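Trainee: sequence plus the predicted model coming up.
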Amino acid sequence: MSIDTTTAVAAAPGLGIAVGVLLIVTAWSRATAGSTVSRGAGLVRALRRVAGDRRAVARLTMVVAVGAGAGAVTGWVAGAVLAAAAVWFLPRLVGPDRAHARRVARIEAIASWTEMLRDVLSAAAGLEQAVLTTAPLAPAAIRGEVTALTARLESGQRLAPALRALSRELDDPTADLVLAALVLAAEHQARQLGDLLGSLAITARGQAAMRMRVEAGRARTRTSVRVIVATTVAFAAGVVVFNRAYLDVYNTAAGQAVLLVIGGLFAGGFAWLARIAAGEGHVKVLVLDSAGPPGARDGGETVAGGGGRS
């Protein structure tokens, strides 16, 4: 058996390890998104969700196919691992910013639901009854969370703790402003809540419009990132296909290790570029939680920091 054939066969376990690492990294990122469960239990549940997700299974199949093909063509374990990692991560790095679209849709949904609450409250309905009445009509972007809120209320939970749980689920600064007003109204019977909700709805729509303007400015940066990544990947593939002799130095074990290091450096650079294009995540304005240091809360709301960031 030749050295190239032996290396190609050895690429199979290396590819399996790479796929396992990709699954763990993806599941870990999903598990750390929620702070109410332990990381270990959250990681197990996230792994099960990834395994049960059809799109994840399809992506995993593509990763295995491309990684195996790259290992067979190049005869490199590192080639299989890097190709698999590229197929798994690059679409999210250079693809459309779906997370931003979801955030904007959620803000607009919060504004619409706030207006619904204002209109129902103007008909002399109580706050809890207004929440239960508007839940089936809530916009699709937040309907699942609002439905969970109504389920908690119907099971006997008090309104203020249920609203704090909704704040943790929505995890949005604009939602925190609305829910803080609702919590204060539930605990202290705030006056003119309808007028306040109307103002907050206008603020929410202004936030959505601002995010769209910021997104338009970042579109040029994301285009530059796509060009850089595509050019680098195309150049690497071209060298492998058309000038393989230039890469013979990587046929040794030491060369494979160096290739992995180089690939890791490029991956870190791509991730950094993608982060610059995406901007910073938001910072919660209020932490609607009953826990907190004494004197730091007013009616259950703990101030967490400055305003949200786009």
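Mentor: Yep, it's here.
Trainee: element containing the most centrally placed residue in the chain, please.
Mentor: The chain has Ala99 as the residue nearest its centroid, 6.1 Å off, counting by C-alpha atoms, centre = their mean. Counting by DSSP states H and E, the secondary-structure element that holds Ala99 is helix 98-121.
Trainee: got the residue ranges for the helices in the stretch 51-200 of the chain?
Mentor: In the stretch 51-200 of the chain, the segments counted as helices under DSSP state H, counting those that start in this stretch are 54-74, 77-94, 98-121, 127-134, 140-154, 159-170, 173-188, 193-242.
Trainee: so which elements touch the second one?
Mentor: Secondary-structure packing of helix 77-94 (3 or more C-beta pairs under 8 Å, 6 or more residues apart in numbering; DSSP states H and E): helix 3-31, helix 54-74, helix 193-242, helix 253-278. (C-beta placed from N, C-alpha, C; glycine too.)
Trainee: for it, which positions count as buried?
Mentor: Taking 16 or more other C-beta atoms under 10 Å as the basis for neighbour counts, the residues of helix 77-94 that come out buried are 77-90, 93-94.
Trainee: biggest separation within these, which pair?
Mentor: Taking every pair in these and measuring C-beta to C-beta, the maximum separation is 25.5 Å, between Val77 and Val94.
Trainee: neighbours around Ala58, how many?
Mentor: For Ala58, the count of nearby residues is 10 (other C-beta atoms under 10 Å).
Trainee: try Tyr246
Mentor: Close neighbours of Tyr246, defined as other C-beta under 10 Å, add up to 10.
Trainee: tell me, how many residues neighbour the closest residue to it other than its chain neighbours?
Mentor: Nearest residue to Tyr246, sequence neighbours excluded (C-beta to C-beta, 6 or more residues apart in numbering): Val239, at 6.1 Å. Counted with other C-beta under 10 Å, residues neighbouring Val239 total 12.
Trainee: Val239 and Tyr250 touch, don't they?
Mentor: No. The pair Val239 and Tyr250 does not pass the contact test of C-beta atoms under 8 Å, sitting 10.8 Å apart.
Trainee: follow-up on the earlier one: TSV please, covering the helices and strands packed on helix 77-94 and showing mean pLDDT and distance to Leu117.
Mentor: Compiled in TSV, the helices and strands packed on helix 77-94 are given as follows (pLDDT from 0 to 100; distance: least, C-beta to C-beta, whole Å):
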stretch	mean pLDDT	distance to Leu117
helix 3-31	48	31
helix 54-74	79	35
helix 193-242	83	6
helix 253-278	84	32
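Trainee: out of these, which comes closest to Leu132?
Mentor: Sorting the helices and strands packed on helix 77-94 by C-beta to C-beta, the top spot, which is the nearest, belongs to helix 193-242 at 16.2 Å.
Trainee: where does the stretch 51-200 of the chain have low pLDDT?
Mentor: Under the criterion pLDDT under 70, the flagged ranges of the stretch 51-200 of the chain are 51-53, 97, 124-125, 190-191.
Trainee: could you redo the last one with a cut-off of 80?
Mentor: Using pLDDT under 80 as the threshold, the predicted model of the stretch 51-200 of the chain has low-confidence ranges 51-59, 73-74, 91-101, 123-125, 188-194.
Trainee: list the contacts of the closest residue to Arg102 other than its chain neighbours.
Mentor: Sequence neighbours aside, Ala141 is the residue nearest to Arg102 in space, at 7.3 Å (criterion: C-beta to C-beta, 6+ apart). Applying C-beta atoms under 8 Å, 6 or more residues apart in numbering to Ala141 gives the contacts 102, 105-106, 108-109.
Trainee: between those, which has the most around it?
Mentor: Using other C-beta under 10 Å as the neighbour criterion, Ala109 leads the contacts of Ala141 with 23 neighbours.
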